[in-house]
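**Student:** need a structure here:
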Amino acid sequence: MKKASVIVGMALCFFGQVQAQNDDFGDDFKEDFESFRRAIHKDFNNFRKKINKEYAEFLKNPWEEFTEKKPLVIPKEDDVPPVIYPEEDKDNPLPAPEPLPFDVVIPVPKPTPQPKPVEPIKEDPEPMPKVDFSWFGTKLSVRFDTSSALQMTGAREDVVSAAWLELSGQQYTNLVYDCLQLRTEYKMGDWAYLEMLQAVAEKLFGEGTNESTLLMAYLYCQSGYKMRLARDDSGVLHMLFASRHIIYDIPHYNVGGERFYPYGECPSSIYISDNAFQGEQSLSLWFAASPRLAVSATSSRTRQSERYPEVKVTMSSNKNLMDFYSSYPTSMVGDNFVSRWAMYANTPMSEDVKRQIYPDLKAAINGCDQLTAVNKLLNFVQTGFEYEYDDKVWGGDRAFFAEESLYYPYCDCEDRSILFTRLVRDLLGLRCILVYYPGHLASAVEFSQSDAVAGDYVLLEGRKFVIADGTFIGAPVGKTMYGMDNQTAKVILLE
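**Tutor:** Below you'll find the model as predicted:
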């Protein structure tokens with residue numbers, strides 16, 4: 001069938017080219033072409049219908065009981081307090097460059113293409129009413145005939161199977177199509193898309209119902225994602241999702257040797273249908289860009305460097321985006337816990353924030369050599385933000401995306417390093433890395449003329465990255481914070 005679909009696609013392309021080059025062909029050709037196109041679309045729909053029917057049959061099989069595995073807890077480390085660089089040392093020249101030892105290099109996480117349907121979802125041209133819903137303060141709409149509303153009596157295998165068949169009918173095709181279009185239009189990463197599907201399902205079938213859970217699972221599955229259906233002893237349906245990354249603080253179920261995480265609250269013991277859908281792929285928590293959300297502006301806040309008062313910005317944040325980031329689960333790549341910071345540091349700043357702060361920051365460093373410009377940005381991060389431990393503010397570890405540090409009143413070492421490396425890469429185009437010490441996160445910058453920059457540095461394959469620490473208050477580029485053990489340092493590469 002896959003081979004046939006490729007041939008069909010080539011034929012469509014060929015006929016499209018012929019039609020474009022021969023607009024003077026008569027009605028007979030056009031009628032033949034449209035008949036061929038309708039047959040192709042029917043072929044796609046029949047294939048999806050076939051594999052959904054097979055999947056529904058699998059759902060009738062008895063679901064197996066599973067017990068949840070305890071969540072992976074973010075490692076707790078001793079807090080390393082910020083250090084103030086001595087006033088008397090501020091104008092002293094730095095010592096000769098000195099390379100720092102380090103333990104491990106953590107590579108840049110590689111983004112993967114988003115999952116896609118097993119066959120293209122073809123839009124149904126029949127007119128359908130639209131339903132509006134809200135996703136993190138952003139008004140969206142999908143086509144759906146509310147007279148097609150699904151009704152389930154419990155969550156037995158036969159009930160779920162019959163409901164899945166109903167969802168795979170033609171009346172739900174445009175709903176799947178519209179969701180995928182929204183994923184592209186609003187730059188939704190996989191996590192954002194999953195959150196959006198929940199909003200759609202609850203709008204159509206109610207919050208916390210078996211119908212809304214099944215609809216969310218169906219839309220997610222038809223979009224190409226790997227999920228499993230489950231139910232508890234009280235007859236409540238649950239959806240589990242697979243992730244490319246190991247997620248912290250959420251219990252999981254080991255199904256077929258793979259971790260599946262519940263979306264929402266889930267009992268410790270549940271019954272799971274371990275049936276794979278053709279072409280399914282695990283979710284990725286990587287963001288190529290922040291999602292495009294409606295702007296709900298917060299009150300303005302000013303940030304300013306103490307040593308370089310010209311480095312000053314005034315901005316408001318998008319509360320909708322801040323709420324979305326709060327929903328994002330912390331994860332690690334592979335089994336290395338320090339990789340979690342790369343997930344935050346590699347996420348671009350939103351265009352809204354760039355428009356507000358980048359012109360002023362560029363003006364403040366305009367005409368400066370690279371070292372002076374980086375020192376200005378470093379002091380801005382060191383002195384323009386109030387330091388506080390995550391335990392006191394959040395009750396546990398909570399890393400920030402770059403612009404979250406601009407929104408929240410407090411931040412710590414990891415947040416400052418993430419923000420600083422984002423600013424240096426965006427404003428100066430210089431490559432950066434993160435440098436992890438037990439209990440502390442710093443950063444380092446590769447200058448175009450690195451030999452002219454004094455101080456401590458990390459040497460990676462002949463490339464020199466000079467230390468810059470956002471928590472060593474007032475210290476210039478090239479100074480490692482006092483008390484750091486470089487023998488245990490780990491380097492985290494960034495894009």
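
**Student:** Residue 457: helix or strand, and which one exactly?
**Tutor:** Counting by DSSP states H and E, the secondary-structure element that holds residue 457 is strand 456-460.

**Student:** Quick check: mean pLDDT of that strand?
**Tutor:** Strand 456-460 shows a mean pLDDT of 92.

**Student:** now the strands for the stretch 201-350 of the chain?
**Tutor:** Counting by DSSP state E, counting those that start in this stretch, residue ranges of the strands within the stretch 201-350 of the chain are 227-231, 237-242, 246-247, 253-255, 258-262, 269-273, 301-304, 312-315, 331-332.

**Student:** so where's the stretch 51-200 of the chain uncertain?
**Tutor:** Counting by pLDDT under 70, not a single residue of the stretch 51-200 of the chain qualifies.

**Student:** try 90 this time
**Tutor:** Residue ranges of the stretch 51-200 of the chain with pLDDT under 90: 74-80, 87-112, 122, 124-127, 146-149, 170.

**Student:** so of the strands of the stretch 201-350 of the chain, which one's packed in deepest?
**Tutor:** The highest average neighbour count among those, using mean count of other CB atoms under 10 Å, belongs to strand 227-231 at a mean of 25. For glycine as for every other residue, the C-beta is placed from the backbone atoms N, C-alpha and C.

**Student:** Pass me the low-pLDDT residue ranges in the stretch 351-495 of the chain, would you?
**Tutor:** Scanning the stretch 351-495 of the chain with the threshold set as pLDDT under 90 gives 389-398, 438-439, 449-452, 461, 485-489, 495.

**Student:** where exactly do the helices run in the chain?
**Tutor:** Assigned by DSSP state H, the chain shows helices spanning 2-21, 27-59, 157-167, 173-185, 190-205, 210-222, 319-327, 340-345, 351-365, 370-383, 390-394, 402-407, 413-428.

**Student:** could you give the angle of the third one to helix 210-222?
**Tutor:** The one in question is helix 157-167. Using axes from the mean of the first three to the mean of the last three CA atoms, to 10 degrees, the interaxial angle of helix 157-167 with respect to helix 210-222 works out to 60 degrees.

**Student:** buried stuff in helix 157-167?
**Tutor:** Judged by neighbour count using 16 or more other CB atoms under 10 Å, the buried positions of helix 157-167 are 157, 159-167.

**Student:** so which of the residues you listed would you say is closest to residue 77?
**Tutor:** For the buried residues of helix 157-167, the closest approach to residue 77 (CB to CB) belongs to residue 160, at 44.4 Å.

**Student:** tell me the contacts of the closest one?
**Tutor:** 59, 152, 214, 229, 231, 237, 273 (CB atoms under 8 Å, 6 or more residues apart in numbering).

**Student:** can you put those in JSON lines and add distance to residue 84?
**Tutor:** Converted to JSON lines, the contacts of residue 160 look like this (distance: CB to CB, whole Å):
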{"residue": "59", "distance to residue 84": "62"}
{"residue": "152", "distance to residue 84": "62"}
{"residue": "214", "distance to residue 84": "57"}
{"residue": "229", "distance to residue 84": "56"}
{"residue": "231", "distance to residue 84": "57"}
{"residue": "237", "distance to residue 84": "56"}
{"residue": "273", "distance to residue 84": "58"}
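
**Student:** Tell me the one among those residues nearest to residue 339.
**Tutor:** Out of these, the member with the shortest distance to residue 339 (by CB to CB) is residue 229, at 30.7 Å.

**Student:** how close does the residue lying closest to residue 288 once chain neighbours are set aside sit to residue 191?
**Tutor:** In this structure, residue 288 finds its nearest non-sequential neighbour in residue 111, 6.1 Å apart by CB to CB, 6 or more residues apart in numbering. In this structure, residue 111 and residue 191 are separated by 13 Å, where distance is defined by CB to CB, to the nearest Å.

**Student:** Have a look at those two and say which one is more surrounded.
**Tutor:** Looking at residue 111 and residue 191 with other CB atoms under 10 Å, you find the greater number of neighbours at residue 191, namely 21 against 13.

**Student:** right, and the more buried one touches residue 325 too?
**Tutor:** No: if you go by CB atoms under 8 Å, residue 191 and residue 325 don't touch, sitting 10.3 Å apart.

**Student:** Adding distance to residue 476, write the helices of the chain out as JSON lines.
**Tutor:** Formatted as JSON lines, those follow (distance: least, CB to CB, whole Å):
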{"stretch": "helix 2-21", "distance to residue 476": "59"}
{"stretch": "helix 27-59", "distance to residue 476": "61"}
{"stretch": "helix 157-167", "distance to residue 476": "61"}
{"stretch": "helix 173-185", "distance to residue 476": "45"}
{"stretch": "helix 190-205", "distance to residue 476": "38"}
{"stretch": "helix 210-222", "distance to residue 476": "50"}
{"stretch": "helix 319-327", "distance to residue 476": "31"}
{"stretch": "helix 340-345", "distance to residue 476": "22"}
{"stretch": "helix 351-365", "distance to residue 476": "15"}
{"stretch": "helix 370-383", "distance to residue 476": "5"}
{"stretch": "helix 390-394", "distance to residue 476": "27"}
{"stretch": "helix 402-407", "distance to residue 476": "21"}
{"stretch": "helix 413-428", "distance to residue 476": "13"}
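
**Student:** Name the stretch from the ones you listed that approaches residue 85 most closely.
**Tutor:** Each of the helices of the chain has some distance to residue 85 by CB to CB; the shortest is helix 370-383, at 8.7 Å.

**Student:** which residues are contacting the closest one?
**Tutor:** Identification of contacts with helix 370-383 by CB under 8 Å, 6+ apart yields 303-308, 311, 361, 364-365, 368, 416, 419-420, 423-424, 427-428, 430, 445, 447-449, 452-453, 468, 470-477.

**Student:** rerun that using 6 Å as the cut-off
**Tutor:** The set of residues that contact helix 370-383 without belonging to it, under CB atoms under 6 Å, 6 or more residues apart in numbering, is 305-308, 311, 365, 416, 419-420, 423, 428, 445, 447, 453, 468, 470, 473, 476-477.

**Student:** Give me the buried entries from those residues.
**Tutor:** Buried by 16+ other CB under 10 Å: 305, 308, 311, 365, 416, 419-420, 423, 428, 445, 447, 453, 468, 470, 473, 476-477, out of those.

**Student:** thinking again about what came up before, name every strand pairing with the strand holding residue 457 and say which way it goes.
**Tutor:** Strand 456-460 has the following strand partners under DSSP bridges: strand 98-99 (parallel), strand 463-468 (antiparallel).

**Student:** Which of those strands has the highest mean neighbour count?
**Tutor:** Mean neighbour counts were taken over the strands paired with strand 456-460 using mean count of other CB under 10 Å, and the top value, a mean of 22, falls to strand 463-468.

**Student:** now it against helix 370-383, angle please.
**Tutor:** Computed by the same axes, to 10 degrees, the angle separating strand 463-468 from helix 370-383 equals 40 degrees.

**Student:** what distance separates strand 463-468 from the middle of the whole chain?
**Tutor:** 28 Å (CA atoms, centre = their mean, to the nearest Å).

**Student:** list the contacts for residue 480?
**Tutor:** 456, 467.

**Student:** burial measure for residue 460, as a count.
**Tutor:** For residue 460, the count of nearby residues is 16 (other CB under 10 Å).

**Student:** hey, what's it bridged with?
**Tutor:** Listed beta-bridge partners, residue 460: residue 463 (assigned using DSSP bridges).
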